[in-house]
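[1] following is a predicted model, sequence given first.
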Amino acid sequence: MSIKTPPGSMAKTPTAISTRKPYQAYRSPFGPQYKTALNYQGWTAKHLVRYGSMAAGFGGVAGFFALWFFAEVPRVRDDIITKVPILGDYFVKEVAPEDNPF
């Protein structure tokens, strides 16, 4: 008499869940003793300093360009540009009395 097994399992153990333990990579005691840098998803402090300084430089240049580009807009000129200590007097626009329509 033979024992019948259900067709779905076929009497095998499930291998969907691995029972392996995570392992550390082997380091030889005779090789160089190195340490990995602290990182977050591959970004180290060196990367953050490098790309942060580049972003700050580009942002500073973009802000400087925006101020010079909009320097002739009266609101920007009166509220921002004229308050710059050295260059402020250059941007003061005075209308001659004979040209004033009021």
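    All right, it came through fine. Numbering: from 1, shown residues only.
[2] mean confidence score for the lengthiest helix in the chain?
    In the chain, with assignment by DSSP state H, the single longest helix is helix 45-69. For helix 45-69, mean pLDDT rounds to 95.
[3] any buried residues in that helix, and which?
    Of all the residues in helix 45-69, not one is buried under the rule 16 or more other CB atoms under 10 Å. C-beta: built from backbone N, CA, C; applies to glycine.
[4] next SSE downstream of it?
    Next in sequence after helix 45-69, counting helices and strands by DSSP states H and E, comes helix 74-79.
[5] can you give me the offset of that next one from its chain's centre?
    Helix 74-79 sits 32 Å away from the centroid of its parent chain (CA atoms, centre = their mean, to the nearest Å).
[6] show me what it is packed up against.
    In terms of contacts (3 or more CB pairs under 8 Å, 6 or more residues apart in numbering; DSSP states H and E), helix 74-79 is not packed against any helix or strand.
[7] other residues contacting the longest helix of the chain?
    With CB atoms under 8 Å, 6 or more residues apart in numbering as the contact definition, helix 45-69 has outside contacts at Ala37, Leu38, Val76, Ile80, Ile81.
[8] how far does it sit from its chain's centre?
    11 Å.
[9] looking at the contacts of helix 45-69, which is nearest Phe91?
    Nearest to Phe91 among those is Ile81, at 4.6 Å by CB to CB.
[10] correct me if wrong: that closest one contacts Gly88.
    Yes - with contact defined as CB atoms under 8 Å, Ile81 reaches Gly88; the gap is 6.8 Å.
[11] and those two? Which one has more around it.
    Between Ile81 and Gly88, counted using other CB atoms under 10 Å, the more crowded position is Ile81 (19 against 13).
[12] next one: the nearest residue to the more buried one once chain neighbours are set aside from Leu67, what distance?
    Take Ile81 and drop its neighbours on the chain: the residue closest to it by CB to CB, 6 or more residues apart in numbering is Phe91, 4.6 Å away. Phe91 is 10 Å from Leu67, where distance means CB to CB, to the nearest Å.
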